[in-house]
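Peer 1: kindly return the folded structure for what I paste below:
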Amino acid sequence: GAVGNALSRQVVDHYENPRNVGSLDRNAKNVGTGLVGAPACGDVMKLQVEVDENGKIVDARFKTFGCGSAIASSSLATEWVKGKTVDEALQIKNTDIAKELCLPPVKLHCSMLAEDAIKAALADYKLKQDPNKKEAEKKA
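Peer 2: Numbering: from 1, shown residues only. Sure thing, here's the model as predicted:
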């Protein structure tokens, strides 16, 4: 139908065969968890990264409740962050995700959500690496 034409083949592929679905141990010190949502469209995205001792992302998992574009965006995000350093992963832009998936303008919020989820997961990871920082903030 017409819907098939509106969604790029890649979105459909990631939607029907999403990569890296699942969860990592959120309590592990080297796992960062990002949970972001767009209440307006009801999309919720959980993205987790596992970082090795060299600061390289060795694994990523996601669970997304939302439309096909949101699922495709987070699936692609997990693919992209693997093998990157934390700093490299922070460079991933929603515009790159949208371009790769040929998202229509109305779905750009899905790729923004994916970018936010990556940033949130990495921020969580960084906090775990420096527990003293949290304590210092509490005292301040």
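
Peer 1: any stretches of this structure with poor pLDDT?
Peer 2: For the chain, applying pLDDT under 70 flags the ranges 1-6, 133-140.

Peer 1: show me where it has its strands.
Peer 2: Counting by DSSP state E, one finds strands in the chain at the ranges 31-38, 43-51, 57-65.

Peer 1: helices of the chain, residue ranges please.
Peer 2: According to DSSP state H, the chain carries its helices in the segments 2-6, 9-16, 68-81, 86-89, 94-101, 108-129, 131-139.

Peer 1: residue 24 is nearest to which of the ones you listed?
Peer 2: Put simply, out of those the one that sits nearest residue 24 is helix 108-129, at 9.8 Å, with distance taken as CB to CB. Every C-beta, even on glycine, is put in place using the N, C-alpha and C of the backbone.

Peer 1: just to revisit the earlier point, out of the strands of the chain, deepest packed?
Peer 2: Greatest average neighbour count among the strands of the chain goes to strand 43-51 (a mean of 24), per mean count of other CB atoms under 10 Å.

Peer 1: note down every partner strand of it and its orientation.
Peer 2: Using DSSP bridges, the strands paired with strand 43-51 are strand 31-38 (antiparallel), strand 57-65 (antiparallel).

Peer 1: and these as JSON lines, adding distance to residue 118?
Peer 2: Listed next are the strands paired with strand 43-51 as JSON lines, based on distance: least, CB to CB, whole Å:
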{"stretch": "strand 31-38", "distance to residue 118": "7"}
{"stretch": "strand 57-65", "distance to residue 118": "9"}
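
Peer 1: how about these, which one is nearest residue 126?
Peer 2: When the strands paired with strand 43-51 are compared for distance to residue 126 using CB to CB, the nearest one is strand 31-38, at 7.4 Å.
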